[in-house]
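Visitor: no FASTA, just this:
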């Protein structure tokens, strides 16, 4: 029998080594399962809260792919919020853009929370740097929070009273299903029509907003108007006796006017009808009234300038002009051919020397240009002897021929519609 130290304890040594190998193997397996020997890159998340189901080892997802795990969850140093450490796969850190959004989601009702990294729409920014802190935007409400809120609601709602209300509601609805169905159908019809009218309603709301803006802009003016209206109302109240007397007098005057119009209404209508041609003529020539009045004003200024403003009166120059032919019937009967329309003829700036071209017309002979408008001496037709002593002084009169010629002239004018 081996009495050496090794001989006496070798089996114990073998057992210890075997036990150490087993423990080391188990430790290696556990460490491998937990990723102890897997290299990671840290990222940090700051959230207002993490919930009860956020534990180390929870998954970190990017586009539905595992890119790391939760390393640690701890209260923030300032006590405001939670700091979450993420153990990211080194090759996945560059895949997370700097503008990624973070949400703490609970994928199942009673499962652990998952850190979800979401890439926003549009151009993604470059990848985050190791050690970057991201802010969590949304935290899913957990079942325990829902139960807690439900418990508070039930405590406030008092289930006994809720049961009584529901019982009364059930009793009320009992046997009325058909009526309720018709009511629901009618409501559905209203909603369908309402949906068809939604575009019009939106347009009305838009225009209503514009009207409201308009009223908002004029509100100060309206308030001032109301304030002034208050002063006017007070004045009316103070003067109500005088106003009553004025209304009484107006009533009397209206009665007198009614009697007057009743008695003279037809005559007034006839007068108005007779004035229509005159008013029509005045209306046609109304454009020349301003220049005529302005011409009078200019003439008055010229008269004051030349004669002074001391003695009122009219100053003129008298001269002799060549005589015109004597009146002959029926050649010189009145003939209204003037139809040139309204015209100022140079007023108010007419110099008073030259005759305006529009007025140098012989209206008695077809509105033709009057070539006799000059002042050159000429022998009258008939001569002055005939004008003084009659036509027989120059040529013996033939009474029968003159009468026959006059009758022929009269017949021609009647045939042409121009005789009177």
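Guide: All right, it came through fine. Remember, it's a predicted structure, so these values are computed and weren't measured experimentally.

Visitor: residue 173 versus residue 192, what's the distance?
Guide: Distance, residue 192 to residue 173, by CB to CB, to the nearest Å: 25 Å. (Glycine included, C-beta is placed from N, CA and C.)

Visitor: show me the helices in this protein, by range?
Guide: Under the criterion DSSP state H, helices of the chain are mapped to 5-34, 90-93, 143-157, 159-173, 177-196, 198-238, 240-284, 289-307, 384-389, 399-415.

Visitor: so which of the ones you listed is nearest residue 70?
Guide: Minimum separation from residue 70 across those (CB to CB) falls at helix 5-34, 12.3 Å.

Visitor: which strands and helices sit next to the closest one?
Guide: On a contact count with 3 or more CB pairs under 8 Å, 6 or more residues apart in numbering; DSSP states H and E, helix 5-34 meets no helix or strand.

Visitor: can you give me how far that helix is from the chain middle?
Guide: Averaged C-alpha coordinates place helix 5-34 at 90 Å from its chain's average position (CA atoms, centre = their mean, to the nearest Å).

Visitor: got phi/psi on residue 342?
Guide: phi -70, psi 130 (degrees, to the nearest 10).

Visitor: quick one: list the elements packing against the lengthiest strand in the chain.
Guide: In the chain, assigned by DSSP state E, the strand with the most residues is strand 65-75. When contacts are defined as 3+ CB pairs under 8 Å, 6+ apart, strand 65-75 packs onto strand 59-62, strand 82-88.

Visitor: got the buried residues for that strand?
Guide: When burial is assessed from 16 or more other CB atoms under 10 Å, strand 65-75 yields the following buried residues: 67-71, 73.

Visitor: closest to residue 132 out of the residues you listed?
Guide: Nearest to residue 132 among these, with distances taken as CB to CB, is residue 68, at 13.1 Å.

Visitor: surely the closest one meets residue 85?
Guide: No: the pair residue 68 / residue 85 is not scored as a contact, 10.2 Å apart, by CB atoms under 8 Å.

Visitor: ok, residue 304 to residue 71 distance?
Guide: The gap separating residue 304 from residue 71 is 111 Å, by CB to CB.

Visitor: please apply the same query to residue 244.
Guide: 95 Å.

Visitor: picking that back up, and residue 205, which of the helices and strands packed on strand 65-75 is closest to it?
Guide: strand 59-62 (43.4 Å).

Visitor: neighbours around residue 130, how many?
Guide: Using other CB atoms under 10 Å, residue 130 has 13 other residues around it.

Visitor: contact partners for it?
Guide: Each residue near residue 130 by CB atoms under 8 Å, 6 or more residues apart in numbering is listed here: 41-43, 93.

Visitor: name the nearest of those residues relative to residue 168.
Guide: The closest of these, once distances to residue 168 are taken by CB to CB, is residue 43, at 57.5 Å.

Visitor: for the closest one, give its distance to residue 75.
Guide: The gap separating residue 43 from residue 75 is 19 Å, by CB to CB.

Visitor: kindly report the same for residue 87.
Guide: 19 Å.

Visitor: equivalent analysis for residue 302, please.
Guide: With distances taken as CB to CB, residue 302 is found 106 Å from residue 75.

Visitor: buried residues in stretch 41-56?
Guide: Of the residues in stretch 41-56, 41, 43, 45, 47, 50-51, 53-54 count as buried by neighbour count, 16+ other CB under 10 Å.

Visitor: now go through the residues you listed and say which are in strands.
Guide: Short answer: those in strands (DSSP E) are 41, 43, 45, 47.

Visitor: how about the second one: what's its closest non-neighbour residue?
Guide: Ranked by CB to CB, 6 or more residues apart in numbering and with sequence neighbours excluded, the top spatial neighbour of residue 43 is residue 86, at 4.3 Å.
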